[in-house]
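# pasting the structure only:
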């Protein structure tokens, strides 16, 4: 689809990096296809931060990866020709409030609302994620590329 911009959520990044994940092979393939394509695609900065926090967290993994390995992975993605790293813009508060209210988001879902707001601000047309909570956010098409 011409003019489409796909963004990748944290869980896809984590699965692509974590060899122990049952979704590793599919996520790694997905990320390789994105990284090797000249077509524009995006990762929101909060997803980068969350990726680093998750893959190095000893409470989540019996053998978490070292920070240096996680940083090198992010740097490898950053070399992709089409990657756009996106963050909050001037209208972020307005968009975030709209999503929080319309989706009745609270608690941990506020973080997902932040990611969705950033995506919408940057014209992302589709968010690739395995997190079903994003379906509650109006205006953003969601797809799980792993199934």
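The structure has been received and is ready for your questions. Keep in mind that what you see is a predicted model, and the values were worked out from it rather than measured. Numbers count the residues shown, from 1 in each chain.

# Report how many residues lie close to the residue nearest to residue 91 when sequence neighbours are not counted.
Nearest non-adjacent residue to residue 91, counting by Cβ to Cβ, 6 or more residues apart in numbering: residue 121, 6.2 Å away. Just so you know, the C-beta spots here come from the backbone N, C-alpha and C atoms, and that holds for glycine as well. Residue 121 has 19 neighbours, counted by other Cβ atoms under 10 Å.

# before we move on, what about residue 20?
9.

# for it, what are its contacts?
Shown in contact with residue 20 (Cβ atoms under 8 Å, 6 or more residues apart in numbering): residue 61.

# Next: residue 141.
Contacts of residue 141 by Cβ under 8 Å, 6+ apart are 125-127.

# Have a look at those residues and tell me the least confident one.
The lowest pLDDT within the contacts of residue 141 belongs to residue 125, with 93.

# State the mean pLDDT of the helix or strand in which residue 75 is found.
Here residue 75 sits within helix 67-78, counting by DSSP states H and E. Averaging pLDDT along helix 67-78 gives 96.
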